[in-house]
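Visitor: fold the following, please.
(chains A and B)
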Amino acid sequence: MDDSTKQKIQETLDANRVVLFMKGSKLFPQCGFSAQVAGILKQLDVPFKDVNVLQDPELRQGIKDFANWPTIPQLYVDGKFVGGCDIVADLYESGELQKLVSG
Amino acid sequence: MMAPDDVKQLLNLAFPDADIELSDLTGTRDHYQARIVSAAFEGKSPVEQHQLVYAALGPAMAGPIHALALKTYTPDAWKRLSGGQ
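Guide: Residues are numbered from 1 along each chain as shown, chains lettered A, B, ... in the order given. Predicted coordinates:
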């Protein structure tokens, strides 16, 4: 991953408390897993920055290297990688996600 | 696309002790779900557990496998969850 992509990712994380790298946008998700995580965040009424990786192939690969995580979506809170669809869904069911985003 | 047996073989190689249940979610050999019970997950966060599985599949996750829904458990966690069935 080149430095400009890495910097773009870091700047996005620094500027937004909750960031969802996803396929599509929060209004028009283009993948079931991305839609599920965006839906959970809307359910919790959590403001979040959506980043559509489909519009930036370098970012789409870069974010996978950044988190050592091969799939999209990826949720970040306070600059830290929280998980993909499975983990976010599990955290939501256990109530831990609510604590994480409101903390 | 990747044949289920090939996916399972990669997982068995990385988790020799594991109890693995693999299902092809869509019948298209690229959307899988795996339930893996292994001592290798002990002391690891959910993210770290899933990263171990992704590492085991390596390049298969960069194309052949489009999506992999994961449920990872330590043997104790699985006993508690499944009531030792």
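
Visitor: need phi/psi at B:Ala67.
Guide: Torsion angles at B:Ala67 (phi, psi; degrees, to the nearest 10) stand at phi -150, psi 140.

Visitor: again with the one 3 residues further on
Guide: Summarising the backbone geometry of B:Leu70 under the convention degrees, to the nearest 10, its torsions are phi -120, psi 140.

Visitor: where does it land on pLDDT?
Guide: Listed pLDDT for B:Leu70 reads 95.

Visitor: number of residues surrounding it?
Guide: 18 (other Cβ atoms under 10 Å in any protein chain shown). Bear in mind the C-beta positions are built from the backbone N, C-alpha and C, glycine included.

Visitor: need the contact list for it.
Guide: A:86, B:33-34, B:36, B:49-50, B:53 (Cβ atoms under 8 Å, 6 or more residues apart in numbering or on different chains).

Visitor: of those residues, grab the buried ones for PyMOL.
Guide: Selection of buried members from the contacts of B:Leu70 for PyMOL, criterion 16 or more other Cβ atoms under 10 Å in any protein chain shown:
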select buried, (chain A and resi 86) or (chain B and resi 34+36+49+50+53)
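
Visitor: where does chain B dip in pLDDT?
Guide: B:84-85 (pLDDT under 70).

Visitor: for the residue in it that chain A sits nearest to, what are its contacts?
Guide: At 3.9 Å from chain A, B:Met61 is the closest residue in chain B, using Cβ to the nearest Cβ. Counting by Cβ under 8 Å, 6+ apart, B:Met61 touches A:70-71, B:54, B:68.

Visitor: out of those residues, which sit inside strands?
Guide: B:Leu68 (DSSP state E).

Visitor: can you lay out the contacts of B:Met61 as TSV showing distance to A:Leu59?
Guide: Below are these laid out as TSV (distance: Cβ to Cβ, whole Å):
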residue	distance to A:Leu59
A:Pro70	15
A:Thr71	14
B:Tyr54	19
B:Leu68	21
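
Visitor: for the contacts of B:Met61, which one is nearest A:Lys49?
Guide: A:Thr71 (19.3 Å; Cβ to Cβ).

Visitor: wouldn't that closest one be in contact with A:Lys64 here?
Guide: Yes - A:Thr71 is within contact range of A:Lys64, at 7.5 Å (criterion: Cβ atoms under 8 Å).
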